Structures are given as C-alpha cells and as structure tokens.
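Colleague: Sequence plus predicted model, see below.
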Amino acid sequence: MQLQQLTRQVVFCLMTIGGVANVELAMAQPLTDSQGYVDGIAAVVNQDVITLRQVNAEVAEVTKNLRAQKIPVPDEEILQRQVLQRLIDERLIRQEALHMGFNPDQIDPLEAAELIANRNQMSLAQLRQEIEKGGLQWETYLRSLRQEVLIDRIRQQVIDPRISISDSEIDALLKSQGIDPASTKQPAQANEILEVAQILVRIPEGASQATQAELKQKAESLLRQVRSGADFAGVAAASSDGPEALQGGVLGARPLEGWPDVFASALKDTATGQVTDVVRSGAGYHILKVLNRSQAGNAQSAEADFLVTQTRASHILIKFNQITSDEQAKERIDQIAYRLRNGENFEELARAYSEDASAPQGGSLGWLSPGETVPAFEQAMDALAVGQVSAPIRSQFGWHIIRVDERRDRNVGNEFRRMQARQMLHQQRVEPAFDDWLSQIRSQAYIDNRLDPELSSGRRK
C-alpha cells in the first residue's frame, strides 16, 4: 500500500464564521497575540474570518506531522503563511460547495476510510494503525478525507462535464502503448508507475509578463537549491504553492500516461531520485521529482481472455441538492420503497419519480461492468440476487433503490482497456482543469491576507 498516497493532501478542519455581521463582530473585538497582530485576524475570505488562533493551531499540527515524516520544518513565519494559504483555499472551496448545495458537514469520512481499507485489503482498525504509524493523527486523516470527498463532488459537478474524450484519442493512447485497439485479449505488458512530488510556483490569474518572469526566476532559484543538495520535501513545505506542499509536495503514484501531458514529457526520461527542469503549465512553474518507479504487471498471459461478471440493473434515484435536503430525499425514497413492497410496478415508479436520465427507460441502466458505478452502488448491487430489489441505499448522488435484472459472464478485454485508457486521459485533464477553476475562484474572491498582504485581492462581496 502506498501510504503517501493515502495521506497526501492533508487538509485541516476549519471553523466557519459566516456572514457580514460575524466579520464585523470579529473586527470589533480585537485580540492580541504574541506576535503583535492586534485584532487576531489572519485573513478575511469573502465573509469568513480565519483567526491567528486557528492558524497557529494548524501550524502546531503541521509541525508535528512534518517531523514525523522527517521533513525539515520551515521557519515559523513561513509555515504560518503556507498554512494560511491552505486555509484560504479550503474556505473558498467550502463556500463554493455550499453554493452548489454540498454541505461538507454532512460528509462522513469514515465511509471513505472504509473504502480505502477495503481496497487495500485491510480492516478499518489496520488502516488506522498504518496511518498513525506514519506519524499522522487519525482525526487529522479523517478531516483530510472529508475535504477530498468534497473536492471530488465539485469535480464531478463542475469539471467532469467540461472534459470530452473522443474514441480517436483512446485509440491513439492504446497504440502508443503498443496495444491493438481492436483486440479482445488482455495483454501481459506491464505499465510503469511513477511516484512524483512537486514544487509549484503558482502564476496568479491575469499576471503580467513581468510578474511571470519574476516567478520563473523564483522557480529556477528553487531548482538550483534542490540540485545543490537541499531537501526537496523541505523546500516544497517552505516554498511550494501546491495544495500538497505541507506533505513534502508528494502528488502520489500513477502510470506515466496518467500524468498531465506536460508532466509526462518531463518525467519520461527522469531517473528515480532526480528532478526535472522547470516545467510550465497553466497553473504555473513546476519542479518535479521522481520518488519511485515500479512496474504494475498483469498476471494474465497475452492470449488470455478477460472475463468479468456483468450485471443488468435498474434503479430509482432521488437526489439531494440545494432544493432537496438529504433527509427529504430519504423520506421520498422510503415512500417509493413502501409502494414497491406493496406491489406497485418498478418501471412505472421509475418513470414517474426517478431523477436520473434512465427514468424514461423505466430506470434501466443496461449492462454494467465492475468499476462502472460508484462503490456504494456497486456494493449494494453485487449483494442482490437476480430479481431482487434493494432497500434504499445512499451514494454521493442521492438515494437509490436498485433492482438486479440479469447477470452474465463476458469477455470485455477490449472494453476494459478502453475504459482504462479513458480514465487515464480523464485523469490527465481533470486536475489541471480543477486548478484553473480554483484559480478563477481566487481571482473573483475578496481575500484580505494579513500575514502576506501581497496575496490579498478583490473586493468585499
């Protein structure tokens, strides 16, 4: 198990102080801290306040985690600024999520932890032991998972619809891997997995040419530091603008083709332990380090068929959103479940009440292969016998009632490879697209950063 993948992008639980009245109240009641900031306010983000007390509490937590991971701890002032920037971004994400109808407080991080444990063939207790062995507190880890789930929901609603992948692009990727797109056999070739860390010098939205030149010089200076022997993780913690900076810049591990194109080009010929030249992307200037290279082989021979069990299923979906709360959606799905138990027709109820695109087809989802649906849905579906109807189950999309109509075993080598290729291409594009989205959110927000005034922007909303 890649522990760094499980623990990367650790974020911190924030206290939300909402509304203009609360901002004004906080400003009207000065606090004094040891560094002389009279009002005790570290930043104002639109109508939310981040206090120095919050920043310093997170600094203490980050310091403990960095030491546990044996990453050099930056100076306190630098660490305060890094932590504050992280908190600002998370406030912005939280605010946007609330506008979209996602309430972060309703996310249960234990569900995500159980999924991670299952995928790594561990119990929840074993996962907790592994996390704490790495020096991270369990509650901090759960808070990070809540943020990851929230970001994933935003990506699904805002970013995914913007990403279009054509069949010709999938064919081109498969051919670049030496795979015949028309073959139904599962090749035995091994894909190389690269674990990567980064230092990012972010370019603000609308930055002038002069500003961009200054930031490039900063990136080149950081590159000289790490090539002269400075600890990469320590430089990332002190200077990177990436969300993973305080975890030593670790981005995780994936196949070379799964990294953004500009990353893949730079990483292809970079040896383990080495760093790339400065790489320019839409987000800014990156310095990439290859932490590890490994082979993810396929145990099947090149002549083997790739057989999976497919399920033909139908469902009824009631969504929760800004208009319909989770509790209201659950009440509605319970009413539908009661009517089904009393003999009403599944297809007719699906057409009348389901809030999914499958409603006109009586809720039919067609044939589904493993991995095509979200884990909560797939787990409930797999537990049903043919002809059986589930009790209401919850996913990130809403509340479902599932019926299994048929099962079959099928050779899906070609479909599976194409699905994997599509996922790789999607992964290449989704993170840069999310970074662009967040950059736009920052540029439109009112941010009064009192620890680093140069990063303040916008007008009060």
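Modeller: Okay, I see it. Numbering: from 1, shown residues only.

Colleague: rest of the way, CA atoms for contacts and neighbours
Modeller: OK.

Colleague: Would you confirm that A112 contacts Q147?
Modeller: No: contact criterion CA atoms under 8 Å: A112 and Q147 do not qualify, at 10.8 Å.

Colleague: So which of these two has more stuff around it?
Modeller: A side-by-side neighbour count of A112 and Q147, using other CA atoms under 10 Å, places Q147 first with 22 against 17.

Colleague: Give me the secondary structure label for the more buried one.
Modeller: helix (DSSP: H, G, I helix; E, B strand; the rest coil).

Colleague: mind checking pLDDT for it?
Modeller: With respect to pLDDT, Q147 has a value of 88.

Colleague: now it: how far from Q274?
Modeller: 31 Å (CA to CA, to the nearest Å).

Colleague: before we move on, what about D452?
Modeller: Counting by CA to CA, the separation of D452 from Q274 is 32 Å.

Colleague: now L173
Modeller: From L173 to Q274 the distance is 26 Å (CA to CA).

Colleague: out of these two, which sits in the busier spot?
Modeller: Legend: neighbour count by other CA under 10 Å for L173 and Q274, higher for L173 (19 against 15).

Colleague: host element of that one?
Modeller: Element membership for L173 (DSSP states H and E) is helix 167-176.

Colleague: Could you check how far whichever helix or strand comes after that helix is from the centre of its chain?
Modeller: Downstream of helix 167-176, the next assigned helix or strand under DSSP H and E is strand 191-202. Its chain's C-alpha centre and that of strand 191-202 lie 15 Å apart, by CA atoms, centre = their mean, to the nearest Å.

Colleague: Mind listing residues that contact strand 191-202?
Modeller: 215-216, 218-219, 235-236, 239-242, 245, 248-256, 283-297 (CA atoms under 8 Å, 6 or more residues apart in numbering).

Colleague: Return the subset of these lying in helices.
Modeller: Those of these mapping onto helices are L215, K216, K218, A219, V235, A236, S239, per DSSP state H.

Colleague: Count the residues that sit near the closest residue to G362 other than its chain neighbours.
Modeller: Take G362 and drop its neighbours on the chain: the residue closest to it by CA to CA, 6 or more residues apart in numbering is E347, 4.1 Å away. With neighbours defined by other CA under 10 Å, the count for E347 comes to 18.

Colleague: Which of the helices or strands spans E347?
Modeller: Assigned by DSSP H and E, E347 falls in helix 346-353.

Colleague: buried set for that helix?
Modeller: Judged by neighbour count using 16 or more other CA atoms under 10 Å, the buried positions of helix 346-353 are F346, E347, L349, A350, R351, Y353.

Colleague: which strands and helices sit next to that helix?
Modeller: Under the contact criterion of 3 or more CA pairs under 8 Å, 6 or more residues apart in numbering; DSSP states H and E, helix 346-353 touches strand 307-318.

Colleague: in the strand it packs on, what's buried?
Modeller: Across strand 307-318, burial judged by 16+ other CA under 10 Å covers Q310, T311, R312, A313, S314, H315, I316, L317, I318.

Colleague: likewise stretch 415-427?
Modeller: E415, F416, R417, R418, A421, R422, M424, L425, H426, Q427.

Colleague: Show the contacting residues for the fourth one.
Modeller: Just to be clear, that refers to R418. Contacts of R418 (CA under 8 Å, 6+ apart): I170, L174, P181.

Colleague: Any of those residues buried? List them.
Modeller: Buried among the contacts of R418 by 16+ other CA under 10 Å: I170, L174, P181.

Colleague: got JSON lines for these, with distance to T270 too?
Modeller: Output for these, formatted as JSON lines (distance: CA to CA, whole Å):
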{"residue": "I170", "distance to T270": "26"}
{"residue": "L174", "distance to T270": "23"}
{"residue": "P181", "distance to T270": "29"}
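
Colleague: Just want the angle from the helix ranked longest in the chain to strand 307-318.
Modeller: In the chain, with assignment by DSSP H, the single longest helix is helix 413-444. Counting by axes from the mean of the first three to the mean of the last three CA atoms, to 10 degrees, helix 413-444 points 40 degrees away from the direction of strand 307-318.

Colleague: and the closest residue to D231 other than its chain neighbours, how many neighbours?
Modeller: Distances taken as CA to CA, 6+ apart place P72 nearest to D231, at 7.5 Å, with adjacent residues excluded. As a burial measure, P72 scores 19 neighbours (other CA under 10 Å).

Colleague: Helix, strand or coil: sort out P72 for me.
Modeller: Per three-state DSSP, P72 ends up coil.

Colleague: follow-up on the earlier one: can you tell me the average pLDDT over the longest helix of the chain?
Modeller: Rounded mean pLDDT across helix 413-444 is 85.

Colleague: Beyond it, next helix or strand please.
Modeller: Moving toward the C-terminus from helix 413-444, the next helix or strand (DSSP H and E) is strand 447-449.

Colleague: Does anything pack onto that following strand? Which helices or strands?
Modeller: When contacts are defined as 3+ CA pairs under 8 Å, 6+ apart, strand 447-449 packs onto strand 41-45.

Colleague: then the strand it packs on to PDB, C-alphas only?
Modeller: Taking Å, rounded to 0.1, in the frame of the first residue of the first chain, the C-alpha atoms of strand 41-45 are listed here in PDB:
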ATOM      1  CA  ILE A  41      -7.400  38.100  12.400                       C
ATOM      2  CA  ALA A  42      -5.100  36.300   9.900                       C
ATOM      3  CA  ALA A  43      -7.400  36.700   6.900                       C
ATOM      4  CA  VAL A  44     -10.900  37.500   5.700                       C
ATOM      5  CA  VAL A  45     -12.200  35.400   2.800                       C
END
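
Colleague: report the angle between the axes of it and helix 413-444?
Modeller: Using the same axes, to 10 degrees: strand 41-45 against helix 413-444 is 110 degrees.
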